[in-house]
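Student: Structure, please.
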Amino acid sequence: MPSSEVEQLLQRYKEKLESELGPTVKGEGRPITSADYEKFRLELMPPTASIYEKLCNISEKILKLKPDKKDYDELQESINTAHLKVTPTGTTSFSILAPVVIGLAGVMLSVFIPGLFGLPASSFFIVISLLSAAILMFPLKGYVHVLASSYRMKASNEMILCIFYVVTYMRHTPNLELAIKFASDHLTGPLGLDLKKVVWDVETQKFSNVKDAMDSYLEKWRKTNIEFIESFHLIESSLYESGESRRIELLEKGLDVILDETYEKMLHYAQNLKSPITMLHMLGIILPVLGLVMLPLMVSFMGGIKWYYIGMFYDILLPLGVLYMGLTILSQRPSGYGDTDVTKMVPSLGKYKYILINFNGQEYKLNPLYISIIVGVILFLIGMTPIIAHFFGAGDFGFGSVEDKTSACKKPYCFLDYREDDVTGKFVGPFGIVASVFSLFIPLSLAISIGLYYRFKSKNIIEIRNKAKELENEFASGIFQLGNRLGDGIPAETAFGTVANMMKDTTPGKFFDKVSININKLGMGVEEAIFNPKVGAIMAFPSNMITSSMKVLVQSVKKGPKVAAQALVNISRYIKEMHRVDERLKDLLAEVISSMKSQISVMTPAIAGIVVGIASMITNILGKLGPLLKGQEVGGAGSVNPGMQQMFGLGIPTFYFQVVVGIYVVEIVYILTVLVNGIENGADNLSKSYLLGKNLIKATVLYIVITLIVMIVFNFVATLVLQAIFTG
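Tutor: Residues are numbered from 1 along each chain as shown. Prediction:
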């Protein structure tokens, strides 16, 4: 057929495809994907990713800003890594358009809302809106890199396990494609999906063989995980060895390389972590908290500073800055051996994320979200009682045996204590100590509601996983014993019962006994006895490592008991080696982790509680001194300078000041907990939920107790001193 006819035929089919699938733009076209790929991509990506995609695509239609060549390539690499359906132009357009819209909206609201109440435009919020918009451009520009880093961290936590699967499979079957398929079937996270894509590329003839497909895929890890590439190249080179001993040696070397390099990278990470963590600690926690001590004095003497100005900085801008610094630190974390959510391994355990109620022989599931919302709303309404009471015109009352002319209730300790502002003529408050105590319920409502949700969601699941970890600690010896029995020629069906009798009253013994019972009494095969979704032994011990070992056993036992015995002996050695590396990594990070945990559990809530107590005392003293000084006759004996009188303003009510600081404490504890979990455990969402449930409640309760004690004691002492001064 002449070339012109071939070209015409190709053009005809090209037009046909474009009419059905739509045209693509060179360089910016989105690849045609399968429904299965789209399903897994949506399940894998966090909800924020899909929102981000929509916003980027909308921004690209409104404002097309194409980045330069270098940034374009870097953005495209991150987009490919995170499996996002956006373009570099869309991400760049969004990083400019979104801050501009937010800045303009902030300026308009700063002018419009005060205008509704006949007030001048707030210059503070105008400046904050413009400044926030300018700063926001930088994190939005790099957000796609953050998503890519998050994806890499989740995938890198499976790298050791991936190499372990491939090496173990290729010990008895030197076939790279089957080994990669075996690993992809048994890895539950992003790396397993990537390996499925490698196999798919070979099946669709994008690459002629699995080695080329794998080499192409490995290039994406060259900048971040070179040890993963080195390990796979050693595994690939084992296929070219004619001698069996040399082939096995290269496979074992491949696993040793990733274990050793992971340790080396984590060593450097731990060493380099101290400086950014110290900076995060000082700039994000210590200095802001200590700066709170000066605020009551500044507000009283300078005037013009409102409590919501402080709230804007401490509860919005500062936590966002700390979060961004924390995510930057996490993005540099090397791979490790991370834990997974056991509900992904055993979906039937998902019911334990709910509150289970047994009634009349039926089991009902209650979503913990409902309980947390109800508790949070009740506590919040209690905290808002002084505001609600003043809104409905409730009368004020107080406590104390003496009369206090400087307070609204004429008692030393008032419930509301609203005071008239000499400048505006409006009543400001509540300044009362009782109202300040009620304000403690507002941050408590936030912490308790979020903490209870995470606690109920993770408590039962984490107990199941901890039980499985007990099995992991002893499992290596159990696997070794099972391998020896198989090496003696005993069938796997019998070997489980033999080892169970040898290891009575141990956790591995109970596991093997369960397998033996399923085989002998229920007539199951080895695979079904272990992995049956209802009565399988793995249901009671959902562990990534145990599951991996048993899957390797099931696969290798098909080759005969001798091959299975050798596989189990090697698994035993690898389990001990991975446990050793994991413990060494925790030792390296112990100092940094312990420091951050002390900040979460003690230091931050304690310092903030003392600061609020001191601020309450200062506000109380200045609030009482002002009216007393103004009441003195100017110019006479013992009179006070008018300039001195003007220095004592109303200040910020402790009620609002405490709410701002309390919310700040909850936010910082949340951010630091996420950061600690990410450094220590990698992408482990189950551990993160459990730690959040524990730390939020514990730290916030400590903050409230300290604040309450310091606030009451200091105000009591200040009242006694003031009474002594002005009655003396």
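
Student: which SS class is Leu65?
Tutor: Under DSSP: H, G, I helix; E, B strand; the rest coil, Leu65 falls in the coil class.

Student: check contacts around it.
Tutor: The contact partners of Leu65, taken as Cβ atoms under 8 Å, 6 or more residues apart in numbering, are 89, 92-93, 96. C-beta here means a position set from N, CA and C on the backbone, and glycine is covered the same way.

Student: Now, of those, which are buried?
Tutor: Among those, the ones that count as buried by 16 or more other Cβ atoms under 10 Å are 89, 92-93.

Student: ok so, going back, which of the contacts of Leu65 lies closest to Leu588?
Tutor: Lowest distance from Leu588 to the contacts of Leu65 (Cβ to Cβ) belongs to Thr92, with 38.3 Å.

Student: Export the buried ones among the contacts of Leu65 as JSON lines, with columns for secondary structure.
Tutor: Putting those into JSON lines (three-state DSSP) gives the following:
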{"residue": "Thr89", "secondary structure": "helix"}
{"residue": "Thr92", "secondary structure": "helix"}
{"residue": "Ser93", "secondary structure": "helix"}
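
Student: Make JSON lines out of the residues you listed and add pLDDT and distance to Ile490.
Tutor: Output for the buried ones among the contacts of Leu65, formatted as JSON lines (pLDDT from 0 to 100; distance: Cβ to Cβ, whole Å):
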{"residue": "Thr89", "pLDDT": "88", "distance to Ile490": "64"}
{"residue": "Thr92", "pLDDT": "88", "distance to Ile490": "65"}
{"residue": "Ser93", "pLDDT": "89", "distance to Ile490": "67"}
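
Student: okay, those in CSV with distance to Arg247 next?
Tutor: Below are the buried ones among the contacts of Leu65 laid out as CSV (distance: Cβ to Cβ, whole Å):
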residue, distance to Arg247
Thr89, 49
Thr92, 49
Ser93, 53
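
Student: Sort out which one of these lies nearest Val674 for me.
Tutor: The shortest gap between Val674 and any of these belongs to Thr92, at 28.0 Å (Cβ to Cβ).

Student: Contact partners for the closest one?
Tutor: Going by Cβ under 8 Å, 6+ apart, Thr92 touches 65-67, 71, 75, 141.

Student: Also Ile607?
Tutor: Ile607 makes contact with 286, 289-290 under the criterion Cβ under 8 Å, 6+ apart.

Student: One more pass at 10 Å, please.
Tutor: Contacts for Ile607 (Cβ atoms under 10 Å, 6 or more residues apart in numbering) come out as 285-286, 289-290, 292-293, 599, 665, 703, 706.

Student: And the buried ones among these, selectable in PyMOL?
Tutor: Here is the PyMOL selection string for the buried members of those, based on 16+ other Cβ under 10 Å:
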select buried, resi 285+289+292+599+665+703+706
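
Student: Burial check on the residue nearest to Lys196 when sequence neighbours are not counted, number of neighbours?
Tutor: Leaving out its chain neighbours, the residue that sits closest to Lys196 by Cβ to Cβ, 6 or more residues apart in numbering is Ser184, at 4.6 Å. By other Cβ atoms under 10 Å, the residues close to Ser184 number 21.

Student: same question, the one 3 residues further on
Tutor: Other residues lying near Leu187 total 23 when counted by other Cβ under 10 Å.

Student: now swap in the one 10 residues further on and tell me
Tutor: Around Lys197 sit 16 other residues, with neighbours defined as other Cβ under 10 Å.

Student: May I have the helix or strand where it lies exported as CSV, CA atoms only?
Tutor: If you go by DSSP states H and E, Lys197 is part of helix 190-203. As requested, the backbone C-alpha atoms of helix 190-203 are provided in CSV (Å, rounded to 0.1, in the frame of the first residue of the first chain):
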residue,chain,number,x,y,z
PRO,A,190,0.1,3.7,46.5
LEU,A,191,3.1,1.7,45.7
GLY,A,192,1.0,-1.4,45.0
LEU,A,193,-1.1,0.7,42.5
ASP,A,194,2.1,2.0,40.8
LEU,A,195,3.3,-1.6,40.3
LYS,A,196,-0.1,-2.5,38.9
LYS,A,197,0.4,0.3,36.4
VAL,A,198,3.8,-1.1,35.5
VAL,A,199,2.3,-4.5,34.7
TRP,A,200,-0.5,-2.8,32.8
ASP,A,201,2.0,-0.9,30.7
VAL,A,202,3.5,-4.2,29.6
GLU,A,203,0.1,-5.8,28.9
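
Student: for the stretch 551-700 of the chain, which spans come out with low pLDDT?
Tutor: For the stretch 551-700 of the chain, applying pLDDT under 70 flags the ranges 578, 581-582, 585, 623-651, 683.

Student: now do the stretch 51-200 of the chain
Tutor: 115-122.

Student: Would you map the strands across it?
Tutor: Using DSSP state E, counting those that start in this stretch, the stretch 51-200 of the chain contains no strands.

Student: Tell me the buried residues in the helix holding Lys197?
Tutor: Buried residues in helix 190-203 (16+ other Cβ under 10 Å): 190-199, 201-202.

Student: where's the residue nearest to Lys196 relative to Tyr151, distance?
Tutor: 17 Å (Cβ to Cβ, to the nearest Å).

Student: need the contact list for Glu528.
Tutor: 518-519, 522, 535-536, 554.

Student: hmm, 6 Å instead?
Tutor: Under the criterion of Cβ atoms under 6 Å, 6 or more residues apart in numbering, Glu528 has no neighbours.

Student: so how far is the helix or strand harbouring it off the chain centroid?
Tutor: Here Glu528 sits within helix 526-531, counting by DSSP H and E. Centroid separation for helix 526-531 versus its chain: 35 Å, with Cα atoms, centre = their mean, to the nearest Å.

Student: what residues does the next helix or strand after that helix touch?
Tutor: Using DSSP H and E, the helix or strand that directly follows helix 526-531 along the chain is helix 544-557. Outside of helix 544-557, the residues within contact range by Cβ under 6 Å, 6+ apart are 168, 172, 186, 340, 345, 472, 492, 527, 530, 538, 563-564, 567, 571.

Student: CA atoms of helix 544-557 as PDB?
Tutor: This file holds the C-alpha atoms of helix 544-557, laid out as PDB (Å, rounded to 0.1, in the frame of the first residue of the first chain):
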ATOM      1  CA  ASN A 544       0.900  -6.200  57.600                       C
ATOM      2  CA  MET A 545       4.000  -8.300  58.300                       C
ATOM      3  CA  ILE A 546       2.100 -11.500  59.300                       C
ATOM      4  CA  THR A 547      -0.200 -11.100  56.300                       C
ATOM      5  CA  SER A 548       2.900 -10.700  54.100                       C
ATOM      6  CA  SER A 549       4.600 -13.800  55.600                       C
ATOM      7  CA  MET A 550       1.500 -15.900  55.200                       C
ATOM      8  CA  LYS A 551       1.000 -14.900  51.600                       C
ATOM      9  CA  VAL A 552       4.600 -15.800  50.800                       C
ATOM     10  CA  LEU A 553       4.000 -19.100  52.500                       C
ATOM     11  CA  VAL A 554       0.900 -19.900  50.500                       C
ATOM     12  CA  GLN A 555       2.700 -19.000  47.300                       C
ATOM     13  CA  SER A 556       5.900 -21.000  48.100                       C
ATOM     14  CA  VAL A 557       4.100 -24.100  49.500                       C
END
